[in-house]
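Student: Quick one, what's the 3D model for this:
(one chain, ligands or ions: 2)
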Amino acid sequence: MYNLNKLLLAEIVILKPEAGVLLKSYGIDYTYKGNQTLEMAIGENEELLMQLKKELEIIFNITNKSAEEKLENASILEIINIIIAKHSHYNQVVYPTIFRHTQFLASKFNTRFPELIKIADLFAEIKKEQEVHMLHEEMFLFPKLKLSEKVVDGKTDKANLLDLIEAINEMKTEHKNVNQLVNEIKALTKNYHMPPDVSNNFLIPFMELEEFEKDLAKHIYIENNILVGKALALLK
Ligand SMILES: [Fe+2]
Ligand SMILES: [Fe+2]
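Tutor: Ligands and ions are numbered 1, 2, ... in the order given. Model (predicted):
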């Protein structure tokens, strides 16, 4: 288990690239202050330090149960911060990398494995659709979900959220569609098993695709169930 008190900012970002986006959103320049711990970089702002640690803990432990419980206890705003950091990581690293690798495989080995062309096309479609999907979430759905906390505080009227359910359903439909595309890739790669007698060129793209499937499922679960569940519970 990592100790966030001891890790340097550069180490935090290397271990979890999406944490870099989170740090930046709080105005912490990890490039300039890379050799400092969180505490050194933040100074005496105890409140900011606690807040950042809470969000980073979720990013670092997101796969184990206690982290899921932590996420259940986080506010809508905190969950959205974490999701946006993840989106940025998808946009900057995950999608461009897997896109490049699947295109390379298709161009180099399509004679022996024509299905690689379909796999590359499917991933290109996923990338394109998800870029729009994430932007939609950030521009339309998330601001509305944030408003649901304000309804409870009496700072805004429920009437401002009339189209929230429609936006949630749209998000869920898009999740189903992307899942369908991911499943097609899974079937074409025979559960990400490399064909026999192939070069190591297949190893990394297949591992990346498998990892992507698991990570996306987790991301979708957080959005569909934890985030939306919290907002709907508030509006009951
Ligand atoms: Fe998302
Ligand atoms: Fe989503």
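
Student: And the protein, what are its domain boundaries?
Tutor: Domain ranges of the chain: 9-64, 75-235, per automatic domain parsing.

Student: And those domains, which one averages the lowest pLDDT?
Tutor: With a mean of 85, domain 9-64 has the lowest mean pLDDT of these.

Student: I'd like the distance from that domain to the chain centre, please.
Tutor: Distance, stretch centre to chain centre, for domain 9-64: 17 Å (C-alpha atoms, centre = their mean, to the nearest Å).

Student: which stretch of helix or strand covers the residue nearest the centre of the chain?
Tutor: Per C-alpha atoms, centre = their mean, the C-alpha nearest to the average position across the chain is that of Lys86, at 3.3 Å. For Lys86, the element it lies in under DSSP states H and E is helix 76-89.

Student: Please spell out which residues along that helix are buried.
Tutor: For helix 76-89, the neighbour count (16 or more other C-beta atoms under 10 Å) marks 76, 78-89 as buried. All C-beta spots, glycine's among them, are computed from the backbone N, C-alpha and C.

Student: Just put the domains of the chain in TSV and tack on distance to Asn3.
Tutor: Listed next are the domains of the chain as TSV, based on distance: least, C-beta to C-beta, whole Å:
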stretch	distance to Asn3
domain 9-64	10
domain 75-235	20
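
Student: So for Tyr2, which of those domains sits nearest?
Tutor: Proximity to Tyr2 (C-beta to C-beta) singles out domain 9-64 among those, at 5.7 Å.

Student: one step back: closest one to Leu22 out of the buried residues of helix 76-89, please.
Tutor: The closest of the buried residues of helix 76-89 to Leu22 turns out to be Ala85 (C-beta to C-beta; 4.4 Å).

Student: His219 is in contact with the residue nearest to the centre of the chain, correct?
Tutor: Yes. If you go by C-beta atoms under 8 Å, Lys86 and His219 touch, sitting 6.1 Å apart.
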